[in-house]
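what's the 3D shape of this:
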Amino acid sequence: MHIFKENQKFRQWWLIILMITIVIASALPLFSEISTNEVQLKSLIAPIISLLVFILIFILNLETKINSKGISAGFEPLPFFRRHYDWDEIQECYIRTYAPVSEYGGWGIRGFGRAKAYNVSGNIGIQIITKNNERFLIGTEKPDLAKRAIRKHFKKSKE
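So this is what the prediction gives:
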């Protein structure tokens, strides 16, 4: 049974404007080639890649689950960006305010070494510290609900 489930998407207005601007800017050389009827295959590469990146960012979904087994987070539909921590692996788990840019370099799939983060927006997250001192932060827009779920299950796992 899931006690807590949250889905977040990249829908910041500034990110959408930035991505549309990049797609249009990468297609500008193509427009001049179309007007002269000299379209080359290499001119299609940049607009297609930027459009595919835009689509990927638009469909990405950070899914967080907290239940009796532990905490899971992943950027769906990417199978290689999924993490799960069983309660018995976790030494500390709490909600905290963080600085996305200075601590992790921004939003998305972030971090190096033992400190990593999955976040979409905002500056509040679920901080997980494992027994082997790995640090993982999951951004949340529902800190109160996440805190209740953590309290319920983390405390139970320690009894």
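
tell me the gap between the longest helix anywhere in the chain and the middle of its chain.
In the chain, ranked by residue count with DSSP state H as the criterion, the top helix is helix 13-35. Remark: helix 13-35 is offset 25 Å from the chain centroid, using Cα atoms, centre = their mean, to the nearest Å.

helices or strands up against the next helix or strand after that helix?
Remark: after helix 13-35, the chain's next helix or strand is helix 42-59, criterion DSSP states H and E. Judged by 3 or more Cβ pairs under 8 Å, 6 or more residues apart in numbering; DSSP states H and E, the packing partners of helix 42-59 are helix 13-35. Quick note: C-beta positions are derived from backbone N, CA and C, even for glycine.

how about the contacts made by the closest residue to K9 other than its chain neighbours?
Leaving aside its chain neighbours, K9 sits nearest to N61 (5.5 Å; criterion: Cβ to Cβ, 6 or more residues apart in numbering). Contact analysis of N61 by Cβ atoms under 8 Å, 6 or more residues apart in numbering lists 7-9, 75-77.

which of those lies closest to K142?
Q8 (9.3 Å; Cβ to Cβ).

picking up where we left off before, hey, what's the residue nearest to K9 bridged with?
Going by DSSP bridges, N61 is paired in beta bridges with K9, E76.

same question, K65
Beta-bridge partners, per DSSP bridges, of K65: K5, S72.

my read: it touches R82, true?
No - in this structure, K65 is not within contact of R82 by Cβ atoms under 8 Å, at 10.6 Å.

run a quick neighbour tally on the residue lying closest to V23 once chain neighbours are set aside.
Distances taken as Cβ to Cβ, 6+ apart place S50 nearest to V23, at 4.8 Å, with adjacent residues excluded. S50 has 19 neighbours, counted by other Cβ atoms under 10 Å.

element containing Q91?
Assigned by DSSP H and E, Q91 falls in strand 90-97.

ok, and what's touching whichever helix or strand comes after that strand?
Of the helices and strands lying after strand 90-97 in sequence (DSSP H and E), the nearest is helix 100-104. Helix 100-104 is contacted from outside by 98, 106-107, 110-111, 115, 117, 119, 122-123, 137, 139, using Cβ under 8 Å, 6+ apart.

now do 10 Å
98, 106-108, 110-112, 115-123, 125, 137, 139 (Cβ atoms under 10 Å, 6 or more residues apart in numbering).
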